[in-house]
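**Q** Pasting the sequence and the predicted coordinates here, then a few questions.
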Amino acid sequence: MDKDTKRTLYTWKSEIRSNLKGIVVAALCFLLVGIMNHFSGKFVDRDGGVAVRDLILDNLPALPIGEFFVTSIFLVMGLIILYPLIFKVNDFPKVLFQLSLIIFVRNIFVVLTHLKAPDGAVPVEFPGPISQWNFDNDLFFSGHVAFPFLGFIYFKGDGVRWIFLILTVMMVVTVLFAHRHYSIDVFSAFFITYGCYILGQKIMKLIPGLKQEE
């Protein structure tokens, strides 16, 4: 291992240690909202209402892109978690907390909005234990769109934000052509995500280890 690599690894470890409190808090929040997501999804799959008409979906063909629907969310989640963990450790707990807040708000909205998945929704299958977090009627609002858009909002002045923007557009196209979300689920995600981001900045000022730098 050369000196530059050793120096980089040492710096990374030092940043992990200095942010350990925030990482633990954010990880606990992420775990809790993950559990909440499981139960809210089961609730709406059991008690989901009826499918309704949608002006955009009524004029879009349903394409067999279920596998891409699944793999794309892994790509997005992997990038938004691993990028700060590896390259911007000081931002990692903040990003994880912001992500947890969006999932928390989404869980509430999902429980309050009883709609059945759109007619003609492309079937999807998540692998292994992850299938326990796959539901048909957890619609409002779209996590596929919200998560990459959070990356675009958060990483200002960073080249990776444009990758997140591309992923956001790709997710909009994917969920609409897969008929996995109503158009209102997709377009509302932008406004709700931005609102959650602003709210998250305020909340983090009150939590030790997560104070957002101005």
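**A** Received it, and whenever you're ready, just let me know what you need. Worth saying up front: this structure is predicted, and the values here are computed from it rather than measured.

**Q** Which helix or strand in this protein has the lowest average pLDDT?
**A** Across the helices and strands of the chain, mean pLDDT, DSSP states H and E gives its lowest value to helix 3-18, namely a mean of 88.

**Q** show me the contacts for the residue minimising distance to the centre of the chain.
**A** Of all residues in the chain, the one closest to the mean position by Cα atoms, centre = their mean is F147, 3.1 Å from it. Residues in contact with F147 (Cβ atoms under 8 Å, 6 or more residues apart in numbering) are 73, 76-77, 80, 99, 102. In short, each C-beta sits where N, CA and C put it, glycine included.

**Q** For D4, state which of these is nearest.
**A** Nearest to D4 among the contacts of F147, counting by Cβ to Cβ, is I80 at 27.3 Å.

**Q** The closest one: helix or strand, and which one exactly?
**A** Here I80, judged by DSSP states H and E, is contained in helix 66-87.

**Q** what do you get for L165?
**A** Going by DSSP H and E, L165 is in helix 160-177.

**Q** Next, the angle helix 3-18 makes with the longest helix that the chain contains.
**A** Ordering each helix of the chain by length in residues (DSSP state H) puts helix 20-47 first. Inter-element angle recorded for helix 20-47 and helix 3-18: 70 degrees (by axes from the mean of the first three to the mean of the last three Cα atoms, to 10 degrees).

**Q** could you check the angle helix 66-87 makes with helix 20-47?
**A** For helix 20-47 against helix 66-87, the angle by the same axes, to 10 degrees is 170 degrees.

**Q** Run the chain-centre distance for helix 20-47.
**A** Centre-to-centre, helix 20-47 and its host chain are 12 Å apart (Cα atoms, centre = their mean, to the nearest Å).

**Q** helices and strands around that helix, which ones?
**A** helix 92-112 (3 or more Cβ pairs under 8 Å, 6 or more residues apart in numbering; DSSP states H and E).

**Q** for the helix it packs on, the distance to its chain's centre please.
**A** 8 Å.

**Q** quick check: mean pLDDT across that helix?
**A** Across helix 92-112, pLDDT averages out at 97.

**Q** If you count neighbours, what's buried in it?
**A** Neighbour-count burial for helix 92-112 flags 92-107, 109-111 (criterion: 16 or more other Cβ atoms under 10 Å).

**Q** Quick one: mean pLDDT over the helix or strand that that helix is followed by.
**A** Next along the chain after helix 92-112, taking DSSP H and E as the criterion, comes helix 143-154. The pLDDT scores in helix 143-154 average 98.

**Q** change the start of the numbering to 24 and stick with it
**A** Let's use 24 as the start, then, which means that last one is helix 166-177.

**Q** for the contacts of F170, which one is nearest L43?
**A** L43 lies nearest to L122 out of the contacts of F170, by Cβ to Cβ, at 18.6 Å.
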